[in-house]
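1. Sequence plus predicted model, see below.
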Amino acid sequence: MPESNSAFSRVEFLVSAGITGGLPPEDLPELAFAGRSNVGKSSAINALTRRKRLAFVSKTPGRTQTINFFDLGGKGRLVDLPGYGYARVPQAVRAEWDQLVGGYMSTRESLAGVVMLMDARRPFTPHDENLLAWLRPAGKRLLVLLSKSDKLSRQERTKLLQACQARLASRAFDAEVRLFSSLSGEGVEETRALLDSWIQAARAENKKPPEKGN
Ligand code: GDP
């Protein structure tokens, strides 16, 4: 698709939501980005939207966790879900995350798809597993990005991709898996095109008249 038609070419911060509320109405398809802190999620969002500091704006350590919503040219929304660190997470932090992020993923009707980032060098951390546990019953479209792929050799990349695809398939996840690097650009264009197609598909699904009952 021409670049100007991509929903990612016009992006603006919309609103932050927390446990006490603040979610925007469910009137547009949402693409949610999830991953543990430091996985490269902000860099990925910035690469996909071609903006330098978009996703860093509200990233202050120690702040109460919030879900940040961005408008995608009026066609959909990009949703930046908070992640926590991967080592020794206090129970209270995890409980808050489960309530906020788990709650969002399991109840949000307008959630069209989830982009989950896993570090290519350390996939399937406990945080990743917790995320997958929330995702399975939600049954949403899932794209797994193996981030910072520039840190691996060509051979390692191929092996990793196959291993992750097999591991997700063996657990009945119907997921797309891609290598991704904000630094080298690997996977950026393909990811943007895939997510644009998800927004289009979700908009087409929403336009269908409701099925008539008997
Ligand atoms: P977030 O906490 O998940 O939002 O992660 P950031 O986007 O802030 O990135 C965390 C760290 O990883 C920063 O030091 C980035 O410079 C680095 N980083 C992010 N993406 C890449 C990448 O594609 N390749 C490499 N080598 N480093 C990256």
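-> Here it is on my side, so go on.
2. Can you list the low-confidence ranges for the chain?
-> 1-3, 55-64, 86-87, 209-214 (pLDDT under 70).
3. Spell out the residue ranges of the helices in it.
-> In the chain, helices defined by DSSP state H lie at 41-49, 91-97, 103-107, 126-138, 154-170, 188-207, listed in chain order.
4. With respect to burial, which of those scores highest?
-> For the helices of the chain, the stretch with the most neighbours on average is helix 41-49, a mean of 22; neighbours defined as mean count of other C-beta atoms under 10 Å. Backbone N, C-alpha and C define where each C-beta goes, glycine included.
5. Close to the ligand: what parts of this protein are there?
-> By the rule C-beta under 6 Å from any ligand atom, the part of the chain lying against the ligand is 35, 37-43, 147-148, 150-151, 181-183.
6. Swap in 5 Å and give it another go.
-> Those residues of the chain that sit near the ligand, judged by C-beta under 5 Å from any ligand atom, are 37-43, 148, 150, 181-183.
7. Got a quick ChimeraX command for the buried subset of those residues?
-> Applying 16 or more other C-beta atoms under 10 Å to those leaves a buried subset, and the ChimeraX line that selects it is:
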select :39,40,41,42,43,148,181,182
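8. can you tell me which of the residues of the chain next to the ligand are in strands?
-> Within those, membership in strands is found for no residue, as judged by DSSP state E.
9. Now for the residues of the chain next to the ligand: which two are most distant?
-> Pairwise distances among the residues of the chain next to the ligand were taken by C-beta to C-beta; the largest, 19.7 Å, belongs to Ser37 and Asp150.
10. residues near the nearest residue to Arg141 once chain neighbours are set aside, how many?
-> Using C-beta to C-beta, 6 or more residues apart in numbering and skipping residues adjacent in sequence, the residue nearest Arg141 is Gly113, 3.6 Å away. Other residues lying near Gly113 total 20 when counted by other C-beta atoms under 10 Å.
11. Contacts only, for Gly113.
-> 31-32, 140-143, 195, 198, 202 (C-beta atoms under 8 Å, 6 or more residues apart in numbering).
12. Next one: Asn5 from the ligand, what distance?
-> According to C-beta to the nearest ligand atom, to the nearest Å, Asn5 and the ligand sit 26 Å apart.
13. Sorry, wrong one. I was asking about Lys52.
-> Computed with C-beta to the nearest ligand atom, the distance linking Lys52 and the ligand is 12 Å.
14. same thing with Arg10?
-> On the measure of C-beta to the nearest ligand atom, Arg10 and the ligand end up 22 Å apart.
15. so that residue makes contact with Gly76?
-> No - counting by C-beta atoms under 8 Å, Arg10 stays clear of Gly76, with 11.0 Å between them.
16. Those two - which one has more neighbours?
-> Under the criterion of other C-beta under 10 Å, the comparison of Arg10 against Gly76 puts Gly76 first, with 25 against 13.
17. Go ahead and confirm that one touches Gln200.
-> No - judged on C-beta under 8 Å, Gly76 makes no contact with Gln200 at a distance of 9.1 Å.
18. show me what contacts the nearest residue to His127 once chain neighbours are set aside?
-> Here the nearest residue to His127 in space, its sequence neighbours aside, is Arg36; by C-beta to C-beta, 6+ apart that works out to 3.9 Å. Listed by C-beta under 8 Å, 6+ apart, the contact set of Arg36 reads 83-86, 119, 125, 127-128.
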